[in-house]
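# sequence and predicted model, in that order:
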Amino acid sequence: MLVDSVSEVGGAERVLLGLLRDLDPSRWGSALCLLAPPGALSAEAAAYSPVTHHPAGRYRNLLGVGKAVVECVAEIGRARADVVHTNGVKAHIVGGLAAALCRRHCVWHVHDILDPRSVLVGLALRIPATLFVATSHAVRVRLEHLGVEAARIRVVHPGLDLERFDEAGRRGSGAAVRQEVSLPPDAPIVSMIGRLQPWKGQHIFLAAASQVVERFPATRFLLVGDAQFGLHAEYPRRLRRLATALQLHEHTHFLGQRADVPRIIDASTVIVHTSVLPEAFGLVVLEAMAAGRPVVATRAGGPCELIDDGVTGVLVPPGQPGPLADALIALLADTRRCENLGAAARAKAAQAFAAEATARGIQDAWDEALRLPLPGVATRRPSGMRTGCLRVTEGAR
C-alpha cells in the first residue's frame, strides 16, 4: 500500500504515478491511500490502482492525525498489504505509524533534503522504516547525517516515460503553445517550470531575464506553476509586481499550473532551474533533458547528479542572477551549442533515467524489506536534530 499526504500533483506525485503505471503485476499489486480530499492525483492514479481518501488535516491537529492513522490501519488490513510505502515526510508520520501498529514493513520514499530543524522531520525519523528510498545521493547524504544507517538507504533516481516527450515533439505541440500565448514563431523562449515558492528562485529568474532582454529583446519568458500545498500564497503576486518593476511585463507570461509540461518544454528554447537551496532531484531538469532541450540549473543538490556541466547542460551558482543571465545569453547566441547540449542531454536521459528502471528499483526495495527484520521505534534523537523548533521544511509534504 502506498501512502501520500496530498492529492495535488507535484514532483513526488509524478514519481508515484510513474511507479504505479510501471509496476510488474507478477511481482506486486498496489493500493493507494491519500491523506487528503480527492484531487488531480486521485483521478490520475485511479487508472492504475484502487484509491481511498482519509484526510489528516493540519498536522498540528493530533485528533485528525490519529484518526487518519486508525483509518490507514484499516486500509492496510483491507488491502492485505505486505509493505507500506510512504511517499514523503507527512505520509510517513501516518503511514509509518499505521505500518508499525500492523507489524508491517515500511519503506519511506524520501524526496527532500530533510531539514534538521523541522519538528515534522524529527517526528518522522522516530517512526520505524525498514528501508529508505532516497531520490538522489544528495538526499542519501542528508539522511546519513541525520542518523540513518547507510545500509538501510537505497538510492533510486526518478525516471521518465520518454515517449511522452517524443510525442509532444512529433505533434509540434510547441507551435500550439506559442499560438496560445501569442508569441512570434521565431522568438526565443526561456521557461521555468515548478511550484512558485521563494526557495525555487523565480525571483532570481526574473532578475536574470531583465539582463537577457538587453541583449536579446525578442526573448520571451514563461513562468509555469503556481503556489501549492498552502505555501507562500502571496509569492505569485510578488513575482508579477517584480516583473512589472523590471519592465518585463511584455516579455513575461505567467501560465499558472499546467498538466501539459511536455508541450511547454517543446515550445522552449532553454529551460531554467534556479532553486536557491539544494534541490533533492529536480524532475523538471530531467524532463527538459528527455525532450532534448538545453538546461541551465543551479549547482546544488540533485541537478549536479543529472547534468554534466558543459556537456548535457550548464550549471551556475545558486542565488546569483548575473551568472544565470550570462549562461542564457551565451546559449541564445549559439544555436549549434544549444542543439549539441540538448542532444547529449536526451541521450543521457534515455540511458540512465528510464521510468521502468525506477519501478524496478523500488520493487527491489520492497522485496528486500520483506527479507529483513521489522525495525523498532527510534528512542534517541537523530544526529543533528534539534528539539523545540517550530520551523517545518517547505518540501516536507
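Yep, it's here.
# domain ranges for the protein?
Using automatic domain parsing, the domain parsing of the chain gives 2-159+356-371, 162-352.
# need the least confident one among those, by mean pLDDT.
Here the lowest mean pLDDT among the domains of the chain goes to domain 162-352, at a mean of 91.
# what's the end-to-end length of it?
The first residue of domain 162-352 is 12 Å away from its last residue (Cα to Cα, to the nearest Å).
# follow-up on the earlier one: need the domains of the chain in CSV with mean neighbour count, can you?
The way it works is simple: take the backbone N, C-alpha and C, and place the C-beta from them, glycine included. Listed next are those as CSV, based on neighbours: other Cβ atoms under 10 Å:
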stretch, mean neighbour count
domain 2-159+356-371, 20
domain 162-352, 19
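# so residue 318 belongs to a strand, correct?
No. Applying DSSP: H, G, I helix; E, B strand; the rest coil, one finds residue 318 to be coil, outside a strand.
# which residues does residue 376 contact?
By Cβ atoms under 8 Å, 6 or more residues apart in numbering, residue 376 lies in contact with residue 128.
# what pLDDT does it get?
71.
# and it, how far is that from residue 100?
Distance, residue 376 to residue 100, by Cβ to Cβ, to the nearest Å: 9 Å.
# hey, what's in contact with both of these two?
Joint contacts of residue 376 and residue 100 (Cβ under 8 Å, 6+ apart) are residue 128.
# what are the phi and psi angles of residue 253?
The phi/psi pair for residue 253 (degrees, to the nearest 10) reads phi -130, psi 120.
# make sure it is actually in contact with residue 209.
No. Look at residue 253 against residue 209 with Cβ atoms under 8 Å: they stay out of range, at 11.4 Å.
# overlap of the contact sets of those two?
residue 221.
# mind checking the SS state of the closest residue in space to residue 6 that isn't next to it in sequence?
Nearest non-adjacent residue to residue 6, counting by Cβ to Cβ, 6 or more residues apart in numbering: residue 36, 5.2 Å away. Following three-state DSSP, the label given to residue 36 is coil.
# gap between residue 36 and residue 90?
Relative to residue 90, residue 36 is positioned 10 Å away (Cβ to Cβ).
# need the residues touching each of the two.
5, 56.
# just the CA coordinates for stretch 23-31, please, in CSV.
Presented in CSV, the C-alpha positions along stretch 23-31 are these (Å, rounded to 0.1, in the frame of the first residue of the first chain):
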residue,chain,number,x,y,z
LEU,A,23,4.6,-1.9,-11.5
ASP,A,24,5.2,-5.5,-12.6
PRO,A,25,1.8,-7.2,-11.8
SER,A,26,3.5,-10.6,-11.5
ARG,A,27,5.6,-9.2,-8.6
TRP,A,28,3.3,-6.7,-6.8
GLY,A,29,-0.2,-5.4,-6.6
SER,A,30,-1.0,-1.9,-5.3
ALA,A,31,-3.5,0.2,-3.3
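# chain center to that stretch, what's the gap?
23 Å (Cα atoms, centre = their mean, to the nearest Å).
# who's in contact with that stretch?
1-2, 20, 48-52, 75, 78-79, 81, 359-360, 363, 366-367.
# mind listing the strands for the chain?
Assigned by DSSP state E, the strands in the chain fall at 2-4, 32-34, 51-53, 83-87, 105-110, 131-134, 153-155, 189-193, 220-224, 252-256, 270-273, 295-298, 314-316.
# can you redo these as TSV with distance to residue 338?
Compiled in TSV, the strands of the chain are given as follows (distance: least, Cβ to Cβ, whole Å):
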stretch	distance to residue 338
strand 2-4	37
strand 32-34	40
strand 51-53	41
strand 83-87	35
strand 105-110	34
strand 131-134	32
strand 153-155	31
strand 189-193	11
strand 220-224	16
strand 252-256	21
strand 270-273	7
strand 295-298	11
strand 314-316	10
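# what's the closest of those to residue 282?
Residue 282 lies closest, by Cβ to Cβ, to one member of the strands of the chain: strand 270-273, at 5.7 Å.
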